[in-house]
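J.: Coordinates for the following, if possible.
(2 chains)
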Amino acid sequence: MSFLIKKGIISCCFVLMMASLMAQDKYFTKSGSIQFSSKGVIETIEASHRSVTCVLDSKTGDIQFAVLMKGFEFRKAMMQEHFNENYVESDKYPKSEFRGQIVNNSEIDYTKDGSYTAHIKGKLTLHGQTKDVEADGKITVKGGKLLAASKFKILMSDYDIDIPGSVTQNMSDTINISVNCTLELLQQ
Amino acid sequence: MNKKRIIIGGILLVIVLVAVYGWYQYTRTVQGLTNVRADFSVNATELINEFVSSEDAANKKYLNKILAVKGMVKNVEAAQYTIVLGDTSDMSSVRCVLDSSANTTAGALQKGALITIKGAITGFNKDETGLLGSDVQLNRCVISN
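T.: Model prediction:
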């Protein structure tokens, strides 16, 4: 009997220890930001999002982003309406996701303050289409927090997003994306 | 002669009106929500439950609508202009990003206070990791009381 209890306590301790170890590997934010822009002949189309969810597992280098398409804010109302209704069809495809990995994760020391270059490879799902994406980013470790920043480009045509003929002049197929997140250690 | 003038004048008037309307549409900025009436008034916890039990049904009901959400302030992330509403015992929340014109009031809010926030719902971010909690998100928010 006492052996069983002992065994129970030990396995409980083990589970708790594992849980705390696991928790300390993960960093997250729910208020990351993404900006995108597309340079046209007449003007630049710009939008920003301030509720980006990101989870980074420092042990494996797995990194995930999730963003609700309707949360992109434009200055001009018409652009915002067209973006939602005609381009990304946010009623049909409300969410965009990136799942990937920091390829050179072993080069990043998450326990030491400093700035590191991260090479990221993964899959971006947007407008119902999933495509491989590669990007370079910077991870800055500072006081237990991570500042993650990256700039990369995607093509609208890769994601089945059509530009109506009447506005091709004012929009380029290339979208510049800039990601900025401050990740905190996930406490449980 | 007179008839011709009227026709030309009429055509010009139509062109001017179309141009004015087009310019108005083109330059129209996203409106603030202070004076907009909410389509739905809901409790934060009830709203979360609706999305948790059926995301599709809740999306159909709420997306593209303006919501007035009443709830307890769980957290204030002043640097991110975000107010988090919901029950502290639950990981899920309603996350409200304030309109840039309303930024100044975020820091003054106390945790635990019961408030109503009006905002545009942007959807439900379902958490698949089981670590973060699923959230309903609102943007362009203003504090309505």
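J.: quick one: the helices in chain A?
T.: Ranges of helices in chain A, per DSSP state H, are A:2-23, A:77-82.
J.: So which residue is dead centre in chain B?
T.: Centroid-nearest residue in chain B: B:A120, 1.4 Å away (criterion: CA atoms, centre = their mean).
J.: picking up where we left off before, compare the helices of chain A and say which comes out lowest on pLDDT.
T.: Lowest mean pLDDT within the helices of chain A: helix A:2-23, a mean of 54.
J.: Pull up the residues of chain B that are close to chain A.
T.: Counting by CB under 8 Å from any CB of the partner chain, chain B comes close to chain A at B:25-31, B:59, B:63-64, B:77, B:80-82, B:95, B:97, B:120-125, B:127, B:129, B:131-132, B:135, B:137, B:139-140. Yep, even glycine has a C-beta here, placed from its N, CA and C like the rest.
J.: go with 7 Å
T.: B:25-26, B:28-30, B:59, B:63, B:77, B:80-82, B:95, B:97, B:122-123, B:125, B:129, B:131-132, B:135, B:137, B:139 (CB under 7 Å from any CB of the partner chain).
J.: And those, which of them are buried?
T.: Buried subset of the residues of chain B next to chain A (neighbour count, 16 or more other CB atoms under 10 Å in any protein chain shown): B:30, B:59, B:63, B:80-82, B:95, B:97, B:122-123, B:125, B:132, B:135, B:137, B:139.
J.: if I pick the residue most central in space within chain A, what's in contact with it?
T.: Nearest to the mean C-alpha position of chain A, counting by CA atoms, centre = their mean, stands A:F65 at 2.9 Å. Applying CB atoms under 7 Å, 6 or more residues apart in numbering or on different chains, we find A:F65 in contact with A:52-54, A:97-98.
J.: quick one: B:L67 is in a strand?
T.: Yes - under DSSP: H, G, I helix; E, B strand; the rest coil, B:L67 falls within a strand.
J.: Could you find which two of the buried ones among the residues of chain B next to chain A are furthest from each other?
T.: Farthest apart among these by CB to CB are B:V30 and B:L132. That separation is 28.6 Å.
J.: now the strands for chain B?
T.: Counting by DSSP state E, chain B has strands at residues B:40-43, B:66-77, B:82-85, B:93-98, B:114-125, B:135-143.
J.: Go through those and pick out the most buried.
T.: strand B:93-98 (a mean of 27; mean count of other CB atoms under 10 Å in any protein chain shown).
J.: and that one, what other elements does it pack with?
T.: On a contact count with 3 or more CB pairs under 7 Å, 6 or more residues apart in numbering or on different chains; DSSP states H and E, strand B:93-98 meets strand A:44-57, helix B:44-53, strand B:66-77, strand B:82-85, strand B:135-143.
J.: residues in chain A within reach of chain B, list them.
T.: Residues of chain A lying close to chain B by CB under 7 Å from any CB are A:26, A:28, A:30-31, A:50-51, A:53, A:55, A:66, A:68, A:70-71, A:73-78, A:80, A:91, A:94-95, A:186.
J.: Just the buried residues from those, in PyMOL please.
T.: To isolate the buried ones among those in PyMOL, judged by 16+ other CB under 10 Å, type:
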select buried, chain A and resi 26+28+30+31+50+51+53+55+66+68+70+71+73+74+76+80+94+95+186
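J.: So for stretch B:111-121, mean pLDDT?
T.: The pLDDT scores in stretch B:111-121 average 94.
J.: pLDDT below threshold where in chain A?
T.: Judged by pLDDT under 70, chain A has its weakly predicted residues at A:1-23, A:165-170, A:188.
J.: Give the burial count for the residue nearest to B:A68 when sequence neighbours are not counted, as a bare number.
T.: The shortest distance from B:A68 to any residue other than its chain neighbours is 3.7 Å, reached at B:A38 (CB to CB, 6 or more residues apart in numbering or on different chains). Neighbour count of B:A38, defined by other CB atoms under 10 Å in any protein chain shown: 16.
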